[in-house]
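>>> for reference, the sequence and a predicted model appear below.
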Amino acid sequence: MNRNWNILCWNVRGINSQAKWDALRNKIDESSCAIMCIQETKRDSFDASYIRNFAPRRLDNFDFIPSIGSSGGMLILWNSSIFTGVVLEKKQFALTISFTS
């Protein structure tokens, strides 16, 4: 089976504003991505409620690395009806997830 993996990566430079949420939501809709990687979130935690501010319900699984102060931070979201994601490694500036479909 040949399956396309639509992946969206974005250095968002901070995710704590309505303008960023709107921009993210628009790009997610435009790309129809099944996996999204957001760098430089500048946020120390995420939960499903916060993620719903910008991500559609189809991106229903996630993991993240917290920012350190006002720098860094990474969030990876994926559609669990298409992929199973297993976190292989989490470091201060790296998050490795193995995806299978």
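Right, received. Where do you want to start?

>>> pLDDT wise, what is the closest residue to Phe64 other than its chain neighbours at?
Closest residue to Phe64 apart from its sequence neighbours, by Cβ to Cβ, 6 or more residues apart in numbering: Leu75 at 4.5 Å. C-beta here means a position set from N, CA and C on the backbone, and glycine is covered the same way. At Leu75, the model reports a pLDDT of 98.

>>> residues contacting Leu75?
Ile15, Met36, Cys37, Ile38, Thr41, Arg43, Phe46, Ile51, Phe62, Asp63, Phe64 (Cβ atoms under 8 Å, 6 or more residues apart in numbering).

>>> before we move on, what about Ile97?
Asp63, Ile76, Trp78, Gly85, Val86, Val87, Leu88.

>>> once you drop chain neighbours, what's closest to the third one?
Taking Cβ to Cβ, 6+ apart, and ignoring the residues beside it in sequence, Trp78 has Ile35 as its nearest neighbour in space, at 4.6 Å.

>>> now that neighbour: phi and psi?
Per-residue torsions, Ile35: phi -140, psi 140 (degrees, to the nearest 10).

>>> what of Gln18?
Per degrees, to the nearest 10, the backbone of Gln18 is at phi -60, psi -40.

>>> can you count the residues close to the residue lying closest to Lys91 once chain neighbours are set aside?
Distances taken as Cβ to Cβ, 6+ apart put Ile65 closest to Lys91, at 7.6 Å, once the chain neighbours are dropped. The tally of other residues near Ile65 (other Cβ atoms under 10 Å) stands at 19.

>>> what of Phe62?
19.

>>> element containing the nearest residue to it once chain neighbours are set aside, please.
Using Cβ to Cβ, 6+ apart and skipping the chain neighbours, the partner closest in space to Phe62 is Leu77 (4.4 Å). Assigned by DSSP states H and E, Leu77 falls within strand 74-78.
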